[in-house]
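>>> Prediction below, plus the sequence it came from.
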Amino acid sequence: MEQPRSAPPLGTLLDDARDRDWYIDQFFRLLMFLCGISAVVFVLGIFIFVFKEGSGFIIQQMDWAEFFLSPKWRPTSAIRATYGTLAMVAGTAAVTLIAMAVALPLSFAAAIFIAEFARGRMREWLKVIIELLAAIPSVVWGFIGLMLINPLLIDTFDVPIGLNVLNAGLILGLMAAPIITSIAEDALKAVPDTYREAAEALGASKWQVVYKVVLPAAKNGLLSAALLGIGRAFGETMAVLMASGHALTIPSSPFDSIRALTATIAAELGETPVGSDHYQALFAIGIFLFTITFLINMSADFIVRGIKNQ
Amino acid sequence: MTPSQPLDWSLFRAEAINRQNDRLQHLFMILFALMALLLVIPVVMIVIILLQKGWSALSWEFLTTFPSNGMTEGGIFPALLGTIWLVAISLLASVPLGVAAAIYLSEYARQEHWLTRVINLATINLAGVPSIVHALFGLGAFVAFFRLGTSILAASLTLAVMTLPVVIVSSWESLQAVPQAFREACWNMGATRWQTIRHVVLPNALTGILTGIILQVSRAAGETAPIMFTGAAFFLPYLPSGVMDQTMALALHLFTISTQVPDVPEEIPFAVALVLFALVLLINAGAIALRMHLRSKKKW
């Protein structure tokens, strides 16, 4: 057996504490920290830069009542330009509503199936396919809405145009579903197995366990999944631009064409002179969008935090 | 039980209830499976239809020639190349930054510290910002303020900011998956924190980080809104010669020829959609295969 080496005297160890490696370590600690706060810098940056471009309009020109309560968005009117977003807000809300009506039942069911019932290979495959659904680019979705769902809706419901709330809602629902599914599945998995075992020991069937134990325990996580899905549908741009018809109306039926907040920016920004009122008004819409998604994301996080603190 | 005693069947009633429960359970399971299937069907249908309608226009020539005759004929070469440019440069920016941020969050930051909480909230919010707002940011910051103009560089940086949270979150997960004991063993050998990260944590997390990056690539390739006003052009008759030039991009090209240009033969946009989808799908399939392979080889 080898002789145990005697430890060096403590003094020599401490003397060497600030060697080259120590400085390298400190350098990287600082570098990693600087990169670590980059996300904060960018969120602030987004707010500052978008606000900076739109601030002149918001502070001097904008009529708050008109901006939020008037449905008339006529930025290029020669007589009097009006900047009302109500119709767009209503349109965006209608599309989001349909999207959630499509996405929530499907993705919660899929999440429950994946987390509680499916096993082994089937489960892996389902997850893979749902991830592929998430991988389809939004412009391809928009194209599908334009070329496939549009004629389908015209034929099925006998309406003059298939680019409407229903079309965009269906697409956004399918786009939001994978995200909702994966967050909901995480929420279901976070419920401790001891809950399930206790319920099963009391004689509950698998379904009773899911319905009476797992779902109530995961309800905050499911709610936040739904909120993040809403945020995603709300902020989607290209698909809505291509599939919603882009008509400035307050929708009264799913077959009305609408125009979304995001789509308005995408469609008009390229044609407006930099710095004009119209240009700045589009940035004001951007701030409005940023604020709403910020609030949605914060409340989703707050709800999830709620469970952990209980 | 003695044979003379008659069997008390009530003892087995519990089992009958269970059987009823079983039937109900099967019913619910089938219902859920069907609803999950409703998410699978669109993917399959979309793939089939894109293949069916776009396949005829697809050829080597389609991938390697310029669009011609007002984009109603010809190929998609500059758009394909542009997308590769944009994705590559955005990766150069977002990967080092995102991985370093993940290293900070996973290896240095104290979990209960307020700053860590703020960073996490910022990451969540950055991921939730609508893509068109990213476009406004890119226009205000990179194009105007930093004077990059509408260029590949400005568009790539906009894409990089947009995909940063994905890199951070997926890299963080891979770093967290490295067992704490590995780090402790290394510290006990007298290694500094950075030496531990460099030689123990990163090598063990590398493949997981790679998977996250691949998934991010696919996302960046499909984005349209952030590059529309920051560096991608509807049509250019030449290839970009450097990062300060504008470029065409596949996603924007699909948008253009399917909404802005009249009289494009139907199979061309379908073929472009097919190429874009196939590109994203291939990258994704690669990441998923890599992840499955890793899971099967996991040592701890």
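Yep, that arrived.
>>> what's the spacing between residue B:230 and residue B:279?
21 Å (CB to CB, to the nearest Å). Where C-beta positions appear, they are placed from N, C-alpha and C, glycine not excepted.
>>> Looking at the chain, which helix is longest?
Here I'm looking at chain A. helix A:277-309 (DSSP state H).
>>> you looked at the wrong chain, it should be chain B
As assigned by DSSP H, the longest helix anywhere in chain B is helix B:13-54.
>>> can that helix be found next to chain A?
Yes. Applying CB under 8 Å from any CB of the partner chain, one finds helix B:13-54 touching chain A at B:14, B:18, B:21-22, B:24-25, B:28-29, B:31-33, B:35-36, B:38-40, B:42-43, B:46, B:49.
>>> Show me the shaky parts of chain A.
For chain A, the stretches with pLDDT under 70 are A:1-17, A:306-310.
>>> So for residue B:230 and residue B:279, which residue has more residues nearby?
Between residue B:230 and residue B:279, counted using other CB atoms under 10 Å in any protein chain shown, the more crowded position is residue B:230 (30 against 21).
>>> burial count for the nearest residue to residue B:131 once chain neighbours are set aside?
Distances taken as CB to CB, 6 or more residues apart in numbering or on different chains place residue B:225 nearest to residue B:131, at 4.2 Å, with adjacent residues excluded. Residues near residue B:225, counting by other CB under 10 Å, number 32.
>>> right, and residue A:196 touches residue A:215 too?
No. At 11.7 Å, residue A:196 does not count as touching residue A:215 under the criterion of CB atoms under 8 Å.
>>> which residues sit in contact with the nearest residue to residue B:28 once chain neighbours are set aside?
Excluding its sequence neighbours, the residue lying closest to residue B:28 (CB to CB, 6+ apart) is residue A:207, at 4.8 Å. Contacts for residue A:207 (CB atoms under 8 Å, 6 or more residues apart in numbering or on different chains) come out as B:21, B:24-25, B:28-29.
>>> Can you read off the pLDDT for residue B:244?
Looking at residue B:244, its pLDDT is 89.
>>> Report whether it is found in a strand, as I expect.
No. Under the criterion used here (DSSP: H, G, I helix; E, B strand; the rest coil), residue B:244 is coil, not part of a strand.
>>> in chain B, which segments are predicted with low confidence?
Ranges of chain B meeting pLDDT under 70: B:1-21, B:298-300.
>>> all helices for the stretch 101-250 of chain B, in order.
B:114-128, B:131-138, B:152-176, B:180-188, B:193-196, B:202-222, B:225-228, B:250-255 (DSSP state H, counting those that start in this stretch).
>>> of all those, which lies closest to residue A:46?
When those are compared by CB to CB, helix B:131-138 sits nearest residue A:46, at 4.5 Å.
>>> For the closest one, which helices and strands make contact with it?
helix A:38-56, helix A:219-235, helix A:261-268, helix A:277-309, helix B:152-176, helix B:225-228 (3 or more CB pairs under 8 Å, 6 or more residues apart in numbering or on different chains; DSSP states H and E).
>>> So which of those helices is nearest residue A:104?
helix A:219-235 (6.0 Å).
>>> How far does the closest one sit from its chain's centre?
Centre-to-centre, helix A:219-235 and its host chain are 7 Å apart (CA atoms, centre = their mean, to the nearest Å).
>>> List the buried residues in that helix.
A:220-235 (16 or more other CB atoms under 10 Å in any protein chain shown).
>>> and if you look at stretch B:291-300?
By neighbour count with 16+ other CB under 10 Å, stretch B:291-300 contains the buried residues residue B:291.
>>> Run through who's touching it.
By CB under 8 Å, 6+ apart, stretch B:291-300 touches A:124, B:179, B:207-208, B:211.
>>> Any chance of TSV for those residues, columns neighbour count and distance to residue A:184?
Shown next, in TSV, are the contacts of stretch B:291-300 (neighbours: other CB atoms under 10 Å in any protein chain shown; distance: CB to CB, whole Å):
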residue	neighbour count	distance to residue A:184
A:124	15	18
B:179	12	28
B:207	14	28
B:208	20	23
B:211	22	22
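>>> Among the residues you listed, list the two that are farthest apart in space.
A:124 and B:179 (24.0 Å).
>>> Give me the distance between the longest helix of chain A and the centre of its chain.
Taking mean C-alpha positions (CA atoms, centre = their mean), helix A:277-309 and its chain are 10 Å apart.
>>> and it with helix A:261-268, angle?
Between helix A:277-309 and helix A:261-268, the angle comes out at 150 degrees (axes from the mean of the first three to the mean of the last three CA atoms, to 10 degrees).
>>> for helix A:277-309, packing partners?
helix A:38-56, strand A:82-83, helix A:219-235, helix A:261-268, helix B:114-128, helix B:131-138.
>>> let's see it at 6 Å
helix A:38-56, helix A:219-235, helix A:261-268, helix B:114-128, helix B:131-138 (3 or more CB pairs under 6 Å, 6 or more residues apart in numbering or on different chains; DSSP states H and E).
>>> State the next helix or strand along the chain beyond the first one.
What that stands for is helix A:38-56. helix A:64-69 (DSSP states H and E).
>>> what comes into contact with that following helix?
Helix A:64-69 is contacted from outside by A:83-86, using CB atoms under 6 Å, 6 or more residues apart in numbering or on different chains.
>>> what's the answer for stretch B:41-61, then?
Under CB under 6 Å, 6+ apart, the answer for stretch B:41-61 is A:129, A:132-133, A:174, B:267-268, B:270-271, B:273-274.
>>> Can you tell me which of the residues you listed is closest to residue B:156?
residue B:273 (23.1 Å).
>>> helix or strand for the closest one, which one?
Going by DSSP H and E, residue B:273 is part of helix B:267-297.
>>> who in the stretch 51-200 of chain A is up against chain B?
By CB under 6 Å from any CB of the partner chain, the residues of the stretch 51-200 of chain A that approach chain B are A:53, A:106, A:109-110, A:112-113, A:117, A:126, A:128-130, A:132-133, A:135, A:137, A:139-140, A:143, A:146, A:174, A:177.
>>> Near chain A, which residues of the stretch 151-300 of chain B are found?
B:161, B:192-194, B:218, B:222, B:224-225, B:229, B:251, B:254-255, B:258, B:273, B:276-277, B:280, B:284, B:288.
>>> So for stretch B:92-101, what gets flagged as buried?
B:93-95, B:97-101.
>>> Check stretch A:54-62 too.
Under 16+ other CB under 10 Å, the buried positions of stretch A:54-62 are A:54, A:56-58, A:62.
>>> same thing with stretch A:144-156?
Result for stretch A:144-156 [16+ other CB under 10 Å]: buried residues A:144-150, A:153.
>>> Put together a markdown table for the residues you listed, with secondary structure on each row.
Below are the buried residues of stretch A:144-156 laid out as a markdown table (three-state DSSP):
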| residue | secondary structure |
| --- | --- |
| A:144 | helix |
| A:145 | helix |
| A:146 | helix |
| A:147 | helix |
| A:148 | helix |
| A:149 | helix |
| A:150 | helix |
| A:153 | helix |
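>>> possible to save these as JSON lines with distance to residue A:290?
Converted to JSON lines, the buried residues of stretch A:144-156 look like this (distance: CB to CB, whole Å):
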{"residue": "A:144", "distance to residue A:290": "28"}
{"residue": "A:145", "distance to residue A:290": "25"}
{"residue": "A:146", "distance to residue A:290": "28"}
{"residue": "A:147", "distance to residue A:290": "32"}
{"residue": "A:148", "distance to residue A:290": "32"}
{"residue": "A:149", "distance to residue A:290": "29"}
{"residue": "A:150", "distance to residue A:290": "31"}
{"residue": "A:153", "distance to residue A:290": "32"}
